[in-house]
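> Okay, predicted coordinates and the sequence, questions at the end:
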Amino acid sequence: MKAYFDAFKKYHYLLEDLVAKDFKLKYRRSVLGFLWSILNPLLMMLVITAVFSNMFKSDIEYFPVYYLCGYLIFNFVIEATNGALTSIVQSGYLIKKVYIPKYIFPLEKTSFALVNILFSLVAVFFVIFITGMPLKPTILLLPIPFAYTFVFSTGLGLILASLNTFFRDTGHLYSVWTTAWMYLTPLFYPMSAVSEEIQSFIHCNPLYYYVTYVRSLVMDGTVPDLNTNLICLAFSIAFFIIGLITFKKNQDRFILYI
Amino acid sequence: MAYAVEVNNVSMHFNMNKDKIDNLKEYCIKLFKRQLFFEDFTALQDISFKIEAGDTFGIIGLNGSGKSTLLKVISGILKPTTGSVKVNGTIAPLIELGAGFDPDLTARENIFLNGSVLGFSREFMREKFDEIIEFSELQDFVDVPIKNFSSGMVARIGFSVATIVKPDILICDEILAVGDYKFQEKCEQRIKDLMSGGTTVILVSHSIQQVERICNHILWLEHGKMKALGGKELIPQYQPDFEG
């Protein structure tokens, strides 16, 4: 166990450098640079709000904030897992030439997504300000759902990275799943808008809990009860452990497939 | 006497057929046809040797004889199918110079990235940065993206970063074949300096002159098997018309 921590200590600079590299490369040669991390969710929110306040009537109060809270979490999970999914295959050039603990690569992608979500948070404050919604002090507790989501995404990312190394179909399949997942998560509709059967289905979706958590902190000003916290924690830890086991069991064979 | 590297009965098998399958459809078809687990390829077979600390160990053999695979097993990149490898000390792997360089990043950024790939801390890299640049003689190109570099220039930086610390074990795979003769001489000098400081060197090279010049122990691989293990007396057998 101690050996693992020592190795992580040695390679945490690599983790930071890779995140910095991704960040630099993502915005290199764009005029607005990292401002896009803030602008992107804002513009997305404008589109969705325009659609839902004109085409479909939505009676959610402060809809832009409602949507943005969901979008933030959902986008974080998708960005983190999509990055992790291809991380091993894409880092083949490194894995084949130097010994590096391989979990660094999926972990780097989820960390990169975490950095991005922190920038996007500025967009949320901006929209709260514009819509005139009263700012709740519970917003300071946002790191809690972020931590849950980060651990969950890392676990899922480890599973996907392992699978995708052996079967490149995983990526194609996952992109279909993310579309389904978007509709199965109450991002732009309230839970009350769907039938009870679908509701019970949505209750199996971990993202539902994370999204609801963020909304109750930002919009309702309430801290979710112990029960909700336990559910969130259970999903995160379960995925994280399954991810670790899957990854550890297969990592020595990755090199043969990249 | 302490051993720097102990290789015990190492074999490395690759499953040729299986390696090519990377999608589900093919996997199912092959599984159905029962072709999945055939065509075993033995890259290394029952290799055992010990390298004493401070030795300079050369590995010779034709292309495809398993030299690079062996180096990868020693440096921990590949896990051997059977057998074990014991390494005492830190390894600087020069399997390929500039592994992990990103073409879009500048030389400066890549030096730091490469340093962290090799597990060096950032403070250490900052301290040594000037020395690295000086050794690579690329002062004028520090802030140019690597993609505009020639392969020789990339190799210079890679070599400079990898040898900036005094590793216990230095693994070189054909890396001295790059760069002009002057830089090659400089690299050889750096390796000799490391050696006199007690570093164990494992060298793979097709340049018999170089092996003759540097190494005191030689392993001769043929088709993944140990053909011979000994000193410089192996060289005339390996290349009968060589006049060293």
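Sure, I can see it.

> Helix or strand: which one has the residue of chain B most remote from its centre?
Distance from the centre of chain B peaks at B:F32, with 39.7 Å (C-alpha atoms, centre = their mean). Of the helices and strands defined by DSSP states H and E, B:F32 is found in helix B:24-33.

> A:K24 now?
Assigned by DSSP H and E, A:K24 falls in helix A:2-27.

> Any regions of the stretch 1-150 of chain A where pLDDT drops low?
Residue ranges of the stretch 1-150 of chain A with pLDDT under 70: A:55-58.

> Close to chain B: what parts of it are there?
A:10-11, A:13-14, A:16-18, A:21, A:24-25, A:28, A:93-100 (C-beta under 8 Å from any C-beta of the partner chain). (Each C-beta comes from the backbone N, C-alpha and C, glycine too.)

> Quick one: residues contacting the residue positioned nearest the centre of chain B.
Per C-alpha atoms, centre = their mean, the C-alpha nearest to the average position across chain B is that of B:I95, at 3.0 Å. Residues near B:I95 by C-beta atoms under 8 Å, 6 or more residues apart in numbering or on different chains: A:97-98, B:68, B:71-72, B:75, B:77, B:171, B:173.

> Chain A contacts on chain B?
Counting by C-beta under 8 Å from any C-beta, the residues of chain B close to chain A are B:14-15, B:18-19, B:22-25, B:27, B:72, B:75-79, B:91, B:93, B:95-96, B:99-100, B:102, B:104-105, B:109, B:112-113, B:115-122.

> Show only the entries of these found in strands.
B:14-15, B:91, B:93 (DSSP state E).

> partners of whichever strand or helix holds B:W220 in the sheet?
Using DSSP H and E, B:W220 maps to strand B:217-222. With DSSP bridges as the test, strand B:217-222 is paired with strand B:56-60 (parallel), strand B:225-230 (antiparallel).

> Same list (those strands) but as a markdown table, adding mean neighbour count and distance to A:A113.
Formatted as a markdown table, the strands paired with strand B:217-222 follow (neighbours: other C-beta atoms under 10 Å in any protein chain shown; distance: least, C-beta to C-beta, whole Å):
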| stretch | mean neighbour count | distance to A:A113 |
| --- | --- | --- |
| strand B:56-60 | 24 | 43 |
| strand B:225-230 | 15 | 48 |
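
> Compare those and give me the one nearest B:V5.
strand B:56-60 (8.0 Å; C-beta to C-beta).

> Averaged pLDDT, that closest one. What do you get?
Strand B:56-60 comes out with an average pLDDT of 90.

> beta partners for the closest residue in space to B:G61 that isn't next to it in sequence?
Counting by C-beta to C-beta, 6 or more residues apart in numbering or on different chains, B:L221 is the residue found nearest to B:G61 once chain neighbours are left out, at 3.7 Å. Counting by DSSP bridges, B:L221 is bridged to B:M226.

> tally of neighbours for B:L221?
B:L221: 24 surrounding residues under other C-beta atoms under 10 Å in any protein chain shown.

> likewise A:V122?
With other C-beta under 10 Å as criterion, A:V122 counts 15.

> if we can go back for a sec, how about the contacts of B:I95, which pair is most distant?
Farthest pair in the contacts of B:I95 (C-beta to C-beta) is A:V98 and B:S68. Separation: 13.7 Å.

> and the two? which has more neighbours close in?
Ranked by neighbour count (other C-beta under 10 Å), A:V98 and B:S68 place A:V98 first, with 23 against 18.

> How is that one assigned, secondary-structure-wise?
What DSSP: H, G, I helix; E, B strand; the rest coil gives for A:V98 is coil.

> For chain A, see how far away the residue farthest from the centre of chain B is.
16 Å (C-beta to the nearest C-beta, to the nearest Å).

> quick one, helices of the chain?
You didn't pick a chain, so chain A it is. Under the criterion DSSP state H, chain A contains helices at A:2-27, A:36-54, A:63-90, A:92-95, A:104-131, A:143-166, A:169-184, A:196-202, A:206-215, A:226-254.

> hmm, I had chain B in mind actually
B:16-19, B:24-33, B:67-74, B:107-117, B:122-136, B:151-162, B:181-196, B:208-214, B:234-238.

> Can you tell me which of those helices has the worst average pLDDT?
Among the helices of chain B, helix B:16-19 scores lowest, with a mean of 58.

> Pull out the buried members of the residues of chain B next to chain A.
Buried members of the residues of chain B next to chain A, scored by 16 or more other C-beta atoms under 10 Å in any protein chain shown, are B:14-15, B:18, B:22, B:24, B:27, B:72, B:75, B:77-78, B:91, B:93, B:95-96, B:99-100, B:102, B:105, B:109, B:112-113, B:115-120.

> Would you state the predicted confidence (pLDDT) at B:P167?
pLDDT at B:P167 comes out at 85.

> got the contact list for it?
Applying C-beta under 8 Å, 6+ apart, the residues near B:P167 are B:89-92, B:194, B:199.

> For A:G243, state which of the residues you listed is nearest.
B:I91 (28.9 Å).

> for the closest one, what are its contacts?
A:99, B:74-76, B:167-171 are the contacts of B:I91 under C-beta under 8 Å, 6+ apart.

> can you do 7 Å?
Listed by C-beta atoms under 7 Å, 6 or more residues apart in numbering or on different chains, the contact partners of B:I91 are B:75, B:167, B:169, B:171.
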